[in-house]
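Novice: coords please:
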Amino acid sequence: MNGYDFTVSESAASALVTYAENAIVEDDAMSAARERAADLGVDAIAPSVGALLSVLAATGGAKSVVEVGTGAGISGLWLLSGMRPDSVLTTIDSEQEFQAAARIGFQHAGVAPNRTRLINGHALDVLPRLADAAYDLIFVDGDPVDHPRYVADAVRLLRPGGVLVVNLGDAGYRVPDADAQDEEAVAAREATQLVAQDEALLPVILPLGGGLVAAAKAFVPED
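Specialist: Numbers count the residues shown, from 1 in each chain. Below is the predicted model of the structure:
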């Protein structure tokens with residue numbers, strides 16, 4: 001223990017989170033993508049989460065990124081905005097209609113076709129076919145009940161120094177509540193614990209959107 005007390009009042013913490021959520025302004029392409037998401041009934045990440053994804057991609061010079069859950073392409077647009085010009089986003093979704101909407105969004109934003117690889121299928125089937133230690137950033141935003149299984153694949157896919165971000169969605173608010181035993185809350189809690197307990201990962205929990213778990217894959221010293 002260092003003797004410092006970093007506790008803040010609940011009202012102050014809430015005010016800071018509210019400020020963070022409302023501080024980001026999206027461009028026309030992202031606003032149009034949100035309209036398509038609403039029409040399709042797709043849950044979309046908060047602008048604050050998107051901004052974080054862009055910052056992480058830019059900071060790490062991300063060239064190869066995997067996204068689980070294409071949705072209407074909002075998170076993909078944020079990721080691409082931070083990725084290198086010669087990068088490729090591989091995004092996976094089982095709903096063809098969602099990916100069709102994402103393609104429209106990418107075109108509207110002027111994203112070159114060769115910068116995206118849209119895979120229609122279930123992530124649990126697709127992820128095992130991707131190469132080990134080949135990706136700079138992985139964003140998990142699929143079915144919350146499958147997040148623990150996605151985490152296991154993500155650790156294998158990340159290169160040393162790569163970053164994993166898991167969107168806990170609405171379940172994130174229930175993770176600290178031991179009495180919350182619904183399927184999504186249990187899965188979110190398990191995914192959070194898997195990230196925290198993996199010695200290969202350097203984790204942090206972020207109170208943006210519904211809650212995020214992020215981690216960097218540590219470098220392993222050479223013998």
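
Novice: Which strands or helices does the least confident helix or strand in the chain by mean pLDDT pack on?
Specialist: None of the helices or strands of the chain scores lower by mean pLDDT, DSSP states H and E than helix 10-22, at a mean of 80. Contact analysis of helix 10-22 by 3 or more CB pairs under 8 Å, 6 or more residues apart in numbering; DSSP states H and E lists helix 47-59 as its packing neighbours. Where you see a C-beta, it was placed from the backbone N, CA and C, and this is true even at glycine.

Novice: Do a quick rundown of the strands in this structure.
Specialist: 64-68, 88-93, 116-120, 135-140, 158-167, 201-206, 212-217 (DSSP state E).

Novice: Give me the helices and strands touching the first one, please.
Specialist: Meaning strand 64-68. Packed against strand 64-68 by the contact rule (3+ CB pairs under 8 Å, 6+ apart) you find helix 74-82, strand 88-93, strand 135-140, helix 147-157.

Novice: Just the buried positions in it, please.
Specialist: Under the neighbour-count criterion of 16 or more other CB atoms under 10 Å, strand 64-68 has 64-68 buried.

Novice: what's the answer for the third one, then?
Specialist: With burial defined by 16+ other CB under 10 Å, the residues of strand 116-120 counted as buried are 116, 118-119.

Novice: and the closest residue to Asp182 other than its chain neighbours, how many residues sit next to it?
Specialist: With CB to CB, 6 or more residues apart in numbering as the criterion, Asp182 has its nearest non-adjacent residue at 7.4 Å, and that residue is Arg174. As a burial measure, Arg174 scores 20 neighbours (other CB atoms under 10 Å).

Novice: you'd agree Arg174 is up against Ala187?
Specialist: No. At 10.7 Å, Arg174 does not count as touching Ala187 under the criterion of CB atoms under 8 Å.

Novice: next one: the longest helix that the chain contains to chain centre, how far?
Specialist: Counting by DSSP state H, the longest helix found in the chain is helix 183-197. Centroid separation for helix 183-197 versus its chain: 15 Å, with CA atoms, centre = their mean, to the nearest Å.

Novice: Next, find the distance separating the nearest residue to Ile24 once chain neighbours are set aside from Gln99.
Specialist: Nearest non-adjacent residue to Ile24, counting by CB to CB, 6+ apart: Pro47, 3.8 Å away. For Pro47, the distance to Gln99 equals 22 Å [CB to CB, to the nearest Å].

Novice: now Asp146
Specialist: Relative to Gln99, and taking CB to CB, Asp146 is found at 18 Å.

Novice: quick one, which of those two is more surrounded?
Specialist: Gln99 (22 against 16).

Novice: Report pLDDT for that one.
Specialist: With respect to pLDDT, Gln99 has a value of 96.

Novice: wait, doesn't it sit right on Asn120?
Specialist: Yes. Contact criterion CB under 8 Å: Gln99 and Asn120 qualify, at 6.0 Å.

Novice: what bridges to the most centrally placed residue in the chain?
Specialist: Centroid check for the chain by CA atoms, centre = their mean gives Phe139 as the closest residue, at 3.2 Å. With DSSP bridges as the criterion, Phe139 is bridged to Glu67, Val165.

Novice: from what I can see it touches Leu53, true?
Specialist: Yes. Contact criterion CB under 8 Å: Phe139 and Leu53 qualify, at 6.1 Å.

Novice: list residues touching both of those two?
Specialist: The overlap between the contact sets of Phe139 and Leu53 (CB atoms under 8 Å, 6 or more residues apart in numbering) consists of 75, 79, 165.
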